[in-house]
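Asks: Sequence first, predicted model second:
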Amino acid sequence: MGRGGKGRGGAVYSTNILSLAGQCRLTQNQAGSATIMSPTFERPKTYPRNPDYILPIAPGEHLKEKIDEIQLSDEEFATRTDLSLEVLLLFYKGVIPVDGELADKLEKATLIPAKLWLRFEKRYRADLAHVTEKYRLPLTG
């Protein structure tokens, strides 16, 4: 028999009740008889849907994850995309922006569409500008 229902001998059981049994509280009323109270559950913590902070993620971080996923070294990837290792490392940090030419090279090497690389770049620059303005930080990257 699956979840809940009649077992052998006609007893009704439920796996849900068994799992809740340990969570019930036993209390005594004024007359001294015991009463089983409903299980008490803690509400899960909630987090704001719109946090007041933004963490800019450079497109190079997405690329680094993809390179790790396909198990290539930085040197091998740089060779495949006809980029220097120095340019690749600066791209990881967000110093070098994605333009149409770089997006095309990345698409050929990763099979992630060029439009998506350009969108990553646009979002990164917008988030970076927002953080810079909000916290009055000097613009880097």
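Replies: All right, it came through fine. Residues are numbered from 1 along each chain as shown.

Asks: What score does Leu18 have for pLDDT?
Replies: With respect to pLDDT, Leu18 has a value of 46.

Asks: Repeat that for Ile54.
Replies: 76.

Asks: do the one 4 residues further on as well
Replies: Predicted confidence (pLDDT) at Ala58: the value is 95.

Asks: quick one, what contacts it?
Replies: By C-beta atoms under 8 Å, 6 or more residues apart in numbering, Ala58 lies in contact with Phe91, Tyr92, Lys93, Gly94, Tyr124, Gly141. C-betas here are computed from N, CA, C, even on glycine.

Asks: So it versus Val98, what's the distance?
Replies: 10 Å (C-beta to C-beta, to the nearest Å).

Asks: before we move on, what about Thr79?
Replies: 19 Å.

Asks: For the two, indicate the residue with more neighbours.
Replies: Taking other C-beta atoms under 10 Å, Thr79 and Val98 do not tie; Val98 has more neighbours (25 against 13).

Asks: which residues does that one contact?
Replies: Pro59, Leu106, Trp117, Leu118, Phe120, Glu121.

Asks: Among the residues you listed, which ones are in helices?
Replies: Mapping these onto helices (DSSP state H) picks out Pro59, Leu106, Trp117, Leu118, Phe120, Glu121.

Asks: Any chance of the backbone angles for Lys134?
Replies: Dihedral angles of Lys134 (phi, psi; degrees, to the nearest 10) stand at phi -60, psi -40.

Asks: ditto for Ile112
Replies: Dihedral angles (degrees, to the nearest 10) for Ile112: phi -90, psi 130.

Asks: so how far is Leu63 from it?
Replies: With C-beta to C-beta as the criterion, Ile112 and Leu63 are 9 Å apart.
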